[in-house]
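Enquirer: Here is my input; please provide its structure:
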Amino acid sequence: MTALYQKPALFIDIDGTIVKHHTSEWLPGARERLIALSVAHRIIFMTMRGPQDAGTEWSVLKTIELLHSLPFKYTLLTSVGGPRTMIDDSEIRLLRTRRDSADWVNFHGT
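Expert: Model prediction:
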């Protein structure tokens, strides 16, 4: 088994990317593809969801409950606003999707 730190990282937004915007409803194929990708990748979720969303369907607590159903280890970064900029000394790949329309069925990772 490959150690988590040895796997390439996938930084994945939550709202409109893996679930419908401001819901806890998985986009088609997202959950299944994330499970498959987790075998060879470290999954790091990031979201603007934060304290301002307490009591909503998309609260951090509800988000943690949703992600807890995934059978792999992940990192969750909350209150991460956009636009997001990554500065790194290695290769960076970008996959931009339209809200609520990520094609998880045909996405196979890096």
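Enquirer: list the helices and strands the helix or strand harbouring residue 12 packs on?
Expert: Using DSSP states H and E, residue 12 sits within strand 9-13. The contact analysis (3 or more CB pairs under 8 Å, 6 or more residues apart in numbering; DSSP states H and E) places strand 9-13 against strand 42-46. The way it works is simple: take the backbone N, C-alpha and C, and place the C-beta from them, glycine included.
Enquirer: State the paired neighbours of the strand it packs on in the sheet, together with their directions.
Expert: strand 9-13 (parallel), strand 74-77 (parallel) (DSSP bridges).
Enquirer: for the helix or strand following the longest one, which positions count as buried?
Expert: Towards the C-terminus, the helix or strand next in line after strand 9-13, according to DSSP H and E, is helix 30-37. Applying a neighbour-count criterion of 16 or more other CB atoms under 10 Å, one finds 30-31, 33-34, 37 buried in helix 30-37.
Enquirer: From the residues you listed, pick the one nearest residue 98.
Expert: The nearest member of the buried residues of helix 30-37 to residue 98, counting by CB to CB, is residue 30 at 14.3 Å.
Enquirer: Which residues outside stretch 27-47 are in contact with it?
Expert: For stretch 27-47, contacts defined as CB atoms under 8 Å, 6 or more residues apart in numbering pick out 2, 4-5, 7-15, 17-20, 63, 67, 69-72, 74-80, 84, 100-105, 107, 109-110.
Enquirer: When you filter the residues you listed down to buried only, what's left?
Expert: Among those, those classed as buried by 16+ other CB under 10 Å are 10-15, 17-20, 63, 67, 74, 76, 78, 80, 102, 104, 107.
Enquirer: Distance-wise, check residue 23 relative to residue 62.
Expert: 9 Å (CB to CB, to the nearest Å).
Enquirer: no no, residue 69
Expert: 12 Å.
Enquirer: ditto for residue 10
Expert: Taken as CB to CB, the span from residue 10 to residue 62 is 22 Å.
Enquirer: correct me, but residue 56 touches residue 24?
Expert: No - if you go by CB atoms under 8 Å, residue 56 and residue 24 don't touch, sitting 10.1 Å apart.
Enquirer: Kind regards, and thank you for your time.
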